[in-house]
Every structure is written in structure tokens, then in C-alpha cells.
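[1] turn this into a structure:
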Amino acid sequence: MIDFIEEAADNIRVLHAYLSSRPERFDNSWRSAWNKSLRSVKRWYATWDPQKGWMVGFSKFIGYKDMTGERYTRYLKGNPNHEALSGRRTESQRGVLRQNATEIDVSNPVWPELSDALSRFLVSQGREGPRVGATIRILRGYERPPNG
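    Prediction:
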């Protein structure tokens with residue numbers, strides 16, 4: 001698991017780069033596995049990127065050290081190394097994500113932007129929207145600057 005919040009922010013960038021790279025290489029079984037995984041995400045994490053705006057990721061991907069799209073896909077497709085990735089582990093009370101992110105309530109002025117960013121991300125992956133009750137947290141130190 002990650003040791004520093006910077007690793008989670010890096011993993012969000014890795015996730016977005018992987019999913020936007022050469023989509024023609026992703027076959028139907030790959031799409032099905034990723035869509036099933038995205039459908040079950042309860043907690044989303046966001047970072048602000050000055051060029052790209054809000055970027056989102058999920059704990060089971062961003063909470064692990066040296067995560068790659070290929071590694072996560074192997075996990076989804078049956079995981080021959082029997083690697084056990086768990087959002088529960090990355091979300092533990094003492095975990096880096098839990099201690100270094102702020103949950104954003106729907107009454108927060110930034111909520112509409114985050115909700116829109118999450119919806120755009122999911123639509124780009126063939127999903128209609130997040131699961132009911134999903135939450136979004138902003139990684140501390142990766143908030144949008146006041147004039148950003």
C-alpha cells in the first residue's frame with residue numbers, strides 16, 4: 001500500500017493515462033471487467049491539475065504502491081499471482097487515504113465540479129454514472145487553488 005499521499009495523486013495520473021492510451025487495444029473482456037469494477041466503487045478521490053482540471057480515481061487503484069493499469073487488469077481478469085487488492089485495506093482508519101483526504105458534501109460549493117468530473121470520467125469508460133451513495137474526497141494538498 002502507499003506510504004504518502006503523493007503516491008495516490010501519482011496513481012490518479014497513471015489511471016487516467018492508462019485509460020486514455022490506445023483504447024483500441026482494450027477488448028470486450030477488458031471493458032467488461034473494468035466496467036464491473038467501476039460500477040462497485042464507493043469512494044472516489046480527486047486531485048486538481050492546472051491543465052486538466054479535476055481528475056478522479058478510486059481507492060483500490062490509487063491506494064497501492066506502484067500501481068499500473070496492467071497490474072489492475074491482471075487482478076480483474078483472474079489474477080494469476082493471487083494478488084489480493086482490497087478497497088477496504090486502502091480505506092482503513094490508519095491508512096494514508098483516510099487520513100489525507102477531505103470528503104466533499106453535496107452542499108460544498110465545489111461539489112458540482114467534482115460530480116461533473118466524476119460523471120465525465122465514468123462516461124468516457126462506458127458507464128452512466130457513479131453508484132448510488134458514492135462519495136468524493138479531495139486529496140489534501142491537491143485542492144484547486146482559490147484563483148485556479
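[2] ranges for the helices of this protein?
    Taking DSSP state H, the helices of the chain run over residues 5-20, 28-39, 59-62, 69-76, 87-90, 96-99, 111-124.
[3] tell me which of these is the most buried.
    helix 59-62 (a mean of 25; mean count of other Cβ atoms under 10 Å). Quick note: C-beta positions are derived from backbone N, CA and C, even for glycine.
[4] follow-up on the earlier one: ok, of the helices of the chain, where does mean pLDDT dip lowest?
    The minimum mean pLDDT among those belongs to helix 87-90 (a mean of 69).
[5] and the closest residue in space to Arg13 that isn't next to it in sequence, how many neighbours?
    Excluding the flanking residues, the one nearest Arg13 by Cβ to Cβ, 6 or more residues apart in numbering is Met55, at 7.0 Å. A count of nearby residues for Met55, using other Cβ atoms under 10 Å, gives 18.
[6] and if you look at Lys52?
    Quick note: Lys52 (other Cβ under 10 Å) scores 11 neighbours.
[7] check contacts around it.
    For Lys52, the contacting residues are His16, by Cβ atoms under 8 Å, 6 or more residues apart in numbering.
[8] and it, how far is that from Gly78?
    Counting by Cβ to Cβ, to the nearest Å, the separation of Lys52 from Gly78 is 33 Å.
[9] which residue is nearest the middle of the chain?
    In the chain, the residue lying closest to the centroid (Cα atoms, centre = their mean) is Gly57, at 1.2 Å.
[10] quick one on the thing from earlier: what is the residue nearest to Arg13 paired to in the beta sheet?
    Met55 has the following beta-bridge partners by DSSP bridges: Thr47.
[11] residues contacting it?
    Counted by Cβ under 8 Å, 6+ apart, Met55 has contacts 12-13, 16, 46-49, 117, 121.
[12] go ahead and confirm the residue nearest to the centre of the chain touches Ala17.
    No - counting by Cβ atoms under 8 Å, Gly57 does not reach Ala17; the two are 11.4 Å apart.
[13] hmm, Ile59 is touching Glu91, no?
    One correction, residue 59 is Ser, not Ile. Yes - using Cβ under 8 Å, Ser59 makes contact with Glu91 at a distance of 5.4 Å.
[14] find residues that contact each of those two.
    Joint contacts of Ser59 and Glu91 (Cβ under 8 Å, 6+ apart) are 43, 97.
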